[in-house]
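Novice: Provided below for reference: sequence and predicted model.
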Amino acid sequence: MSRKMRFAPVILCGTVLTGSLYGCGNASDTAATESPATASETTTQSYDGNVDEYACTEAEPSDSYVPVNSSKNIFGNNNEETFVYEDAEECADVYGCYPDYFYTEPNTESYDKPEENGYNLVATNPLSTFAADVDTASYTNIRRMIEDGYTLNEIDTQAVRPEEFINYFSYNLNNPGAGEKFGITTEISKCPWNEDHELMFVGMKTREIDLEEAPMSNLVFLIDVSGSMSDENKLPLLQKSFKELVDNLPDKGTISIVTYSGCEKVVLSGESMSNKKKLKKAIDSLVADGCTNGEAGIQKAYEIAKDNYIENGINRVILATDGDLNVGISSPAELERFIEGKKDDGVFLSVLGFGDGNYKDDRLEKLADCGNGNYSYIDSFYEGKKVLVDEMGSTLITIAKDVKYQVEFNPGRVNAYRLIGYENRLMDDADFNDDTKDGGEIGAGHSVVALYEIIPVGSKSEISLKYQNGKQNVDTCATEFSDEYATVSVRYKEPDADKSKLFSIVVNDSAYDTEGSENIRFAGMVAEFAMILGDSEFKGTATYDDILDNYKKLSTRDEYRDEFNQLVRMMAKRS
């Protein structure tokens, strides 16, 4: 829940405002949007330091505007009623599209996660197919909640995506060989939360690239400047983070800045990266104000990216927002259809989430997944520097697109398996060989880790079939492939290609280690933590104390792992 109260000057003319007031930027996604609204006119000009000179025709909001219920207003009065305003003017009169009211924010954060992956019997379903995912937003968003004092019961289980917890951290993975796109690391060990099961670790790493040697860049900063972005952990943090990015970019290529609130504005178009003073001055000039027409901003950003397109270069839109769209497209399904129509232009997408209280994680994740993009949540300047500076290559430079995994398990060794996380990235088995089906995007220096909990053949928890006899196939595989657990296949496309490439690796007995390396042990701890927070039905004997005890045995630590350990301690004290 939101624990923050925003204060701003307000003049009360004779009466006390007793309703819970908040800007149109904080509207719920229950806002009806019969048809997308776009700005009727946009003026594009070179930034000269005076943001007020930018002409902007406000987009007309939807015909029906339904603000979200307020849980409690600033005067302590519960407000359970939903107010419906039939036109934009009435909404603006009562709620205002400007951040100059005094109010508390109701928690209108929204999350969406499919049902948790269960076990698949290898005899009948030997293939596990999913798209690669390098997003990390779920971990940093949950970190923000924990640091804000949330208890276990207050954390929305839908916000917990285990693969984004696991992939937030660095692991000691094999580098790609000469002429290879990826390095693959596999390992099998005992499962820390179920003694009858085993854990299989599959890690893939790309080669890092020096940005000085990278192609020219065409970057478009698409920045939400609606009223809901006025909090310190939103636009001010965004500005500080983006200026740090500008300072660390090489002087090769261009940067454009597009903003959106009630309408979109092109603050800069195709400005040289070498003109850092002008770029940072433009970023500093931004002010949060107005409603949130994200659709118009996205359209304009892709238009500007296309205008400045660099052949064989880095072409990317970087969207920074709290995701609270209340004008134009607002539902996840509409956003998916919209962004899928944009990604074939050779422009990739990075999504950066900011803020709390009205945060719309479901929309931002959908945008990134459908736009050949990556998704991060920025909860501090420290995290902004990590994503935009320390990991700049992986954030900006695409090494491979439409990356898909397919793991075939050997029924002679593995009775059943379940993929931990990746529920939003599962694919039909037939989609693996279909180049028209999208996978995930991987950047330079990125690593992707997947964990499988497996039930070995002969385990006490082995699943048996009563009516279907798969014994003959199991016996054959046990004889012919006696030392193999699985075959891991990866299919991917070059960033500018339409035809995929394929490579495979066998996971055999040499990958098994009873104690496990620090890779699989730490990844297991992170998975345990995510399963506890997400109230997984498969968490078994996982406890905070178990994680803390196992962390003490690690010799490889860094500031991010130590911070993880501290988060576990904080939750243990609240349990």
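Specialist: Great, that's in hand.

Novice: Run through the neighbouring helices and strands of the longest strand along the chain.
Specialist: The strand that spans the most residues within the chain, counting by DSSP state E, is strand 398-409. For strand 398-409, the elements it packs on are strand 127-131, strand 198-206, strand 440-443, strand 447-456, strand 484-493, judged by 3 or more Cβ pairs under 8 Å, 6 or more residues apart in numbering; DSSP states H and E. All C-beta atoms are positioned from the backbone trio N, CA, C, and that covers glycine.

Novice: could those go into a markdown table alongside mean pLDDT, mean neighbour count and distance to Cys291?
Specialist: Converted to a markdown table, these look like this (pLDDT from 0 to 100; neighbours: other Cβ atoms under 10 Å; distance: least, Cβ to Cβ, whole Å):
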| stretch | mean pLDDT | mean neighbour count | distance to Cys291 |
| --- | --- | --- | --- |
| strand 127-131 | 97 | 21 | 34 |
| strand 198-206 | 97 | 25 | 40 |
| strand 440-443 | 92 | 26 | 31 |
| strand 447-456 | 97 | 22 | 38 |
| strand 484-493 | 97 | 22 | 39 |
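
Novice: residue ranges for the helices of the stretch 151-300 of the chain, please.
Specialist: 162-166, 235-248, 276-284, 294-307 (DSSP state H, counting those that start in this stretch).

Novice: Just send those back as CSV, with mean neighbour count too.
Specialist: Formatted as CSV, those follow (neighbours: other Cβ atoms under 10 Å):
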stretch, mean neighbour count
helix 162-166, 27
helix 235-248, 19
helix 276-284, 18
helix 294-307, 23
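
Novice: Parallel or antiparallel, which strands does the longest strand of the chain pair with?
Specialist: Paired with strand 398-409 in the same sheet, following DSSP bridges, are strand 127-131 (antiparallel), strand 440-443 (antiparallel), strand 484-493 (antiparallel).

Novice: Could you check the angle that strand makes with strand 447-456?
Specialist: Using axes from the mean of the first three to the mean of the last three Cα atoms, to 10 degrees, the interaxial angle of strand 398-409 with respect to strand 447-456 works out to 0 degrees.

Novice: average pLDDT for stretch 150-161?
Specialist: Mean per-residue pLDDT for stretch 150-161: 97.

Novice: Using PDB, write down the CA coordinates of it.
Specialist: In PDB, the C-alpha atoms belonging to stretch 150-161 read as follows (Å, rounded to 0.1, in the frame of the first residue of the first chain):
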ATOM      1  CA  TYR A 150       5.300  -3.800   3.600                       C
ATOM      2  CA  THR A 151       4.500  -7.000   5.400                       C
ATOM      3  CA  LEU A 152       4.100 -10.300   3.600                       C
ATOM      4  CA  ASN A 153       0.300  -9.900   3.600                       C
ATOM      5  CA  GLU A 154       0.600  -6.500   2.000                       C
ATOM      6  CA  ILE A 155       2.700  -7.500  -1.000                       C
ATOM      7  CA  ASP A 156       0.600  -8.300  -4.000                       C
ATOM      8  CA  THR A 157       1.500 -11.900  -5.000                       C
ATOM      9  CA  GLN A 158       0.700 -10.900  -8.600                       C
ATOM     10  CA  ALA A 159       3.600  -8.600  -8.600                       C
ATOM     11  CA  VAL A 160       6.100 -11.400  -7.900                       C
ATOM     12  CA  ARG A 161       7.700 -12.900 -11.000                       C
END
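
Novice: In that stretch, which residues are buried?
Specialist: Going by neighbour count (16 or more other Cβ atoms under 10 Å), the buried part of stretch 150-161 is Tyr150, Ile155, Asp156, Gln158, Ala159, Val160, Arg161.

Novice: Quick check: the farthest pair among these?
Specialist: Tyr150 and Arg161 (16.8 Å; Cβ to Cβ).

Novice: Gly534: which of the helices of the stretch 151-300 of the chain is closest?
Specialist: Nearest of the helices of the stretch 151-300 of the chain to Gly534, taken as Cβ to Cβ: helix 162-166 at 7.0 Å.

Novice: what about the residue positioned nearest the centre of the chain, which helix or strand?
Specialist: Nearest to the mean C-alpha position of the chain, counting by Cα atoms, centre = their mean, stands Tyr375 at 3.2 Å. Assessed by DSSP states H and E, Tyr375 sits inside strand 373-378.

Novice: Distance from the chain centre to the helix or strand following that strand, please.
Specialist: Next helix or strand after strand 373-378 toward the C-terminus (DSSP H and E): helix 381-385. The chain centre lies 16 Å from the centre of helix 381-385; the measure is Cα atoms, centre = their mean, to the nearest Å.

Novice: Now do helix 381-385: everything it contacts.
Specialist: Thr140, Leu237, Leu238, Lys240, Ser241, Glu244, Ser376, Tyr377, Ile378 (Cβ atoms under 8 Å, 6 or more residues apart in numbering).

Novice: let's see 7 Å
Specialist: For helix 381-385, the surrounding residues in contact (Cβ atoms under 7 Å, 6 or more residues apart in numbering) are Thr140, Leu237, Lys240, Ser241, Glu244, Ile378.

Novice: try stretch 484-493
Specialist: Outside stretch 484-493, the residues that touch it by Cβ under 7 Å, 6+ apart are 181-182, 184, 186, 188, 200, 202, 204, 400-410, 413-414, 432, 499-508.

Novice: Filter those residues down to the buried ones.
Specialist: By 16+ other Cβ under 10 Å, these give 181-182, 184, 186, 188, 200, 202, 204, 400-410, 413-414, 432, 500, 505-508 as buried.

Novice: what angle do the longest strand of the chain and strand 373-378 make?
Specialist: 100 degrees.

Novice: Now do the strands in the stretch 101-250 of the chain.
Specialist: Taking DSSP state E, counting those that start in this stretch as the criterion, the stretch 101-250 of the chain contains strands spanning 103-104, 120-121, 127-131, 182-190, 198-206, 217-224.

Novice: Dump the helices of the stretch 151-300 of the chain to CSV, plus distance to Gly443.
Specialist: Listed next are those as CSV, based on distance: least, Cβ to Cβ, whole Å:
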stretch, distance to Gly443
helix 162-166, 15
helix 235-248, 15
helix 276-284, 22
helix 294-307, 17
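
Novice: ends of stretch 378-390, how far apart?
Specialist: Start-to-end span of stretch 378-390 (Cα to Cα, to the nearest Å) is 14 Å.

Novice: Pull out the buried positions in it.
Specialist: For stretch 378-390, by 16+ other Cβ under 10 Å, it's Ile378, Asp379, Glu383, Gly384, Lys385, Lys386, Val387, Leu388.

Novice: average pLDDT for that stretch?
Specialist: For stretch 378-390, mean pLDDT is 96.

Novice: swap in stretch 267-277?
Specialist: Taken as a whole, stretch 267-277 has a mean pLDDT of 97.

Novice: can you list contacts of that stretch?
Specialist: 44, 46-47, 246-247, 249-259, 278-279, 282, 304, 307-308.

Novice: Gly440 against Asp135, yeah?
Specialist: No. In this structure Gly440 lies outside contact range of Asp135 using Cβ atoms under 7 Å: 8.8 Å.

Novice: Any stretches of the stretch 101-250 of the chain with poor pLDDT?
Specialist: Scanning the stretch 101-250 of the chain for pLDDT under 70 picks out 101-105.

Novice: Which parts of the stretch 451-575 of the chain are strands?
Specialist: Ranges of strands in the stretch 451-575 of the chain, per DSSP E, counting those that start in this stretch, are 484-493, 501-508.

Novice: that older thread, now for the strands paired with strand 398-409, which one comes closest to Asn565?
Specialist: Taking Cβ to Cβ, strand 440-443 is the member of the strands paired with strand 398-409 nearest to Asn565, at 27.3 Å.

Novice: Going by residue numbers, what spans are helices in the stretch 451-575 of the chain?
Specialist: Under DSSP H, counting those that start in this stretch, the stretch 451-575 of the chain gives helices at 471-480, 518-533, 544-551, 559-574.

Novice: With mean pLDDT as new columns, can the ones you listed be given to me in JSON lines?
Specialist: Output for the helices of the stretch 451-575 of the chain, formatted as JSON lines (pLDDT from 0 to 100):
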{"stretch": "helix 471-480", "mean pLDDT": "62"}
{"stretch": "helix 518-533", "mean pLDDT": "98"}
{"stretch": "helix 544-551", "mean pLDDT": "98"}
{"stretch": "helix 559-574", "mean pLDDT": "98"}
